[in-house]
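> build me a model:
(one chain, ligands or ions: 1)
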Amino acid sequence: MIRFDCSHGQGDFSLNVAFEAESGVTALFGPSGSGKSTVIRLLAGLARPQRGHIEVDGTVLLDTTAGINLKPHRRRLGLVFQDAQLFPHLKVRTNLGYGRFFTCAADRVVSFEPVVEVLGIAHLLDRYPATLSGGERQRVAIGRALLTSPRLLLMDEPLASLDADRKLEVLPFIERLRDEFAIPIVYVSHAVEEVARLAARVVKIVGGKVATVGTPSEVLAPNLLASASERFDAVSVISGHVVRYDPDFAVTIVRHPAGEIVVPGRIDNGHAPVRITIRSTNVTLAVGRPGQVSVRTILFGTVERVETDGGPFALVVIALVGGDRLYAFATRLALDSLGLDAGDEVHALIKSVSIDERAVPRLVHSQPPTT
Ligand SMILES: Nc1ncnc2c1ncn2[C@@H]1O[C@H](COP(=O)(O)OP(=O)(O)OP(=O)(O)O)[C@@H](O)[C@H]1O
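Have a look, this model is predicted:
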């Protein structure tokens, strides 16, 4: 359990953030300059707040009232930043071992082989950082942080410096370490798909304050008053089970009670549920079931409510069969011509190509299928 409650001023900016987090990944999400990295620096002991209390698994790292402020190396936290920051003159093996020097023998609970295996870096051990790709470097940086046997892993935009393909390469490794090491992770990101995929809990920070805390589907859901960029970022997070992979067309069929979802590429996660992230601007609504259309994913539900504010857009909240909520932005004009309102049955059409590969992960706590 992590308890964080700090007030901190730096220049014109002031931060007042309090949250609690359990095991698994807690994402700090929010616009640029909102204070996410400041929270990481305060957790790590790289900055001292004017007032605060920080506790991880019962150990108080900071308490300004009690005069407690553990030095960064005594906090036993693993840090991974955007830039891997490996030592260029040391081979991967030595880079990996470096952090362990600061951990006393009794606290060394994470051993070398499982980390190397989970991160898929065994073949890189005798290479120098300059010969690695950005994704490989970042995996080594994650390994180095893990090998300090941290109480908590802090990851500040660990994928931000990687291109889209490298991000896709590294994400599954972060998922594996989340699932296979019992180390809580605080993960900073702007990227909706990463947050939806990895996090059990999301703390949205805006202007130095906590705006919302909840599951990805609660926090990433749209709001009619959102700015244009927030509107494009807003998503629904729904979950289903893989039925099969169709190798002829290279798509995975996922079963949801409201209909089948066709996802590009292969999802290979046995019987575990998959979390699917659907951008609210990518949903088309139809009153009857449409006939000849290219869209393969058609989900059935009932309009729970329609929100409008007199502007061009309307937000339609759909209760899908099976209980998940699907959010769709449409123009008010479109809704008016469809005559769609609360209580009406509706078909939601989602283009499979709009389902990003980054948005088709395993759930945080995998459970056997219930159907
Ligand atoms: N050392 C500092 N002195 C004064 N102001 C600072 C300092 N460091 C950060 N700030 C300011 O504090 C605010 C929060 O910065 P922070 O880096 O925590 O934001 P962030 O949410 O992580 O942003 P981004 O997503 O762009 O990395 C910003 O307005 C920033 O300009």
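> His347: neighbour count?
Other residues within reach of His347, judged by other CB atoms under 10 Å, total 19. (Each C-beta comes from the backbone N, C-alpha and C, glycine too.)
> so the closest residue to Ser352 other than its chain neighbours, which of the three states?
If the residues on either side of it in the chain are set aside, Ser352 comes closest to Val262, at 4.3 Å by CB to CB, 6 or more residues apart in numbering. Secondary structure assignment for Val262 (DSSP: H, G, I helix; E, B strand; the rest coil): strand.
> what's the neighbour count on Val262?
The number of residues packed around Val262, counting by other CB under 10 Å, is 20.
> over to Ile276?
By other CB under 10 Å, neighbour count at Ile276 equals 25.
> if we can go back for a sec, where's the residue nearest to Ser352 relative to the ligand, distance?
Separation of Val262 from the ligand (CB to the nearest ligand atom, to the nearest Å) stands at 34 Å.
> for the protein, just list every one of the helices.
36-44, 92-98, 112-118, 134-146, 164-180, 192-198, 216-219, 228-233, 332-338 (DSSP state H).
> least reliable of these by average pLDDT, please.
Between the helices of the chain, the one with the least mean pLDDT is helix 228-233; it has a mean of 76.
> ok so, going back, and the residue nearest to Ser352, what's its pLDDT?
Looking at Val262, its pLDDT stands at 92.
> ok, Leu15 touching Cys6?
Yes: Leu15 is in contact with Cys6 according to CB atoms under 8 Å; the separation is 6.9 Å.
> any common contacting residues for those two?
In terms of CB atoms under 8 Å, 6 or more residues apart in numbering, Leu15 and Cys6 are both contacted by the residues Val39, Leu42, Pro49.
> name the residues that touch the helix or strand of the chain with the lowest mean pLDDT?
Lowest by mean pLDDT, DSSP states H and E among the helices and strands of the chain is helix 228-233, with a mean of 76. Identification of contacts with helix 228-233 by CB under 8 Å, 6+ apart yields Val192, Leu220, Pro222, Asn223, Arg279, Ser280, Thr281, Phe313, Phe329.
> keeping just the C-alphas, turn it into CSV.
Output in CSV follows, covering the C-alpha atoms of helix 228-233 (Å, rounded to 0.1, in the frame of the first residue of the first chain):
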residue,chain,number,x,y,z
ALA,A,228,-10.7,19.0,-28.3
SER,A,229,-7.6,17.0,-27.5
GLU,A,230,-9.2,15.4,-24.5
ARG,A,231,-12.2,14.6,-26.6
PHE,A,232,-10.0,12.6,-29.1
ASP,A,233,-8.2,10.9,-26.1
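> okay, buried residues for it please.
When burial is assessed from 16 or more other CB atoms under 10 Å, helix 228-233 yields the following buried residues: Arg231, Phe232, Asp233.
> any residue of it up close to the ligand?
No: among the residues of helix 228-233, none lie within reach of the ligand under CB under 6 Å from any ligand atom; the closest is 13.3 Å away.
> what's the burial count for the residue of the stretch 51-200 of the chain found nearest the ligand?
When scored by CB to the nearest ligand atom, the stretch 51-200 of the chain has His190 as its residue closest to the ligand, at 5.9 Å. Per other CB under 10 Å, the neighbour tally for His190 reads 15.
> repeat for Leu132
Counted with other CB under 10 Å, the burial measure for Leu132 works out to 18 neighbours.
> next, it: phi, psi?
Main-chain torsions, Leu132, degrees, to the nearest 10: phi -100, psi 150.
> ok, now which ones touch the residue nearest to Ser352?
Neighbour list for Val262: Val251, Thr252, Ile253, Val254, Arg296, Thr297, Ser352 [criterion: CB under 8 Å, 6+ apart].
> out of those residues, which one sits closest to the ligand?
Set against the ligand, the nearest of those by CB to the nearest ligand atom is Ser352 (31.1 Å).
> wait, that closest one touches Val251, no?
Yes: at 6.7 Å, Ser352 counts as touching Val251 under the criterion of CB under 8 Å.
> quick check: bridge partners of Ala18?
Following DSSP bridges, Ala18 is listed with bridge partners Asp5.
> kindly tell me how buried it is, as a neighbour count.
Under the criterion other CB under 10 Å, the count of neighbours that Ala18 has is 15.
> isn't it up against Ser7?
No: counting by CB under 8 Å, Ala18 sits too far from Ser7 to count as a contact (9.1 Å).
> joint contacts of those two?
By CB under 8 Å, 6+ apart, Ala18 and Ser7 have no common neighbours.
> would you confirm that the residue of the stretch 51-200 of the chain closest to the ligand contacts Phe29?
Yes: under the criterion of CB under 8 Å, His190 makes contact with Phe29 at 7.3 Å.
> run a quick neighbour tally on Asp344.
Neighbourhood size, Asp344 [other CB under 10 Å]: 16.
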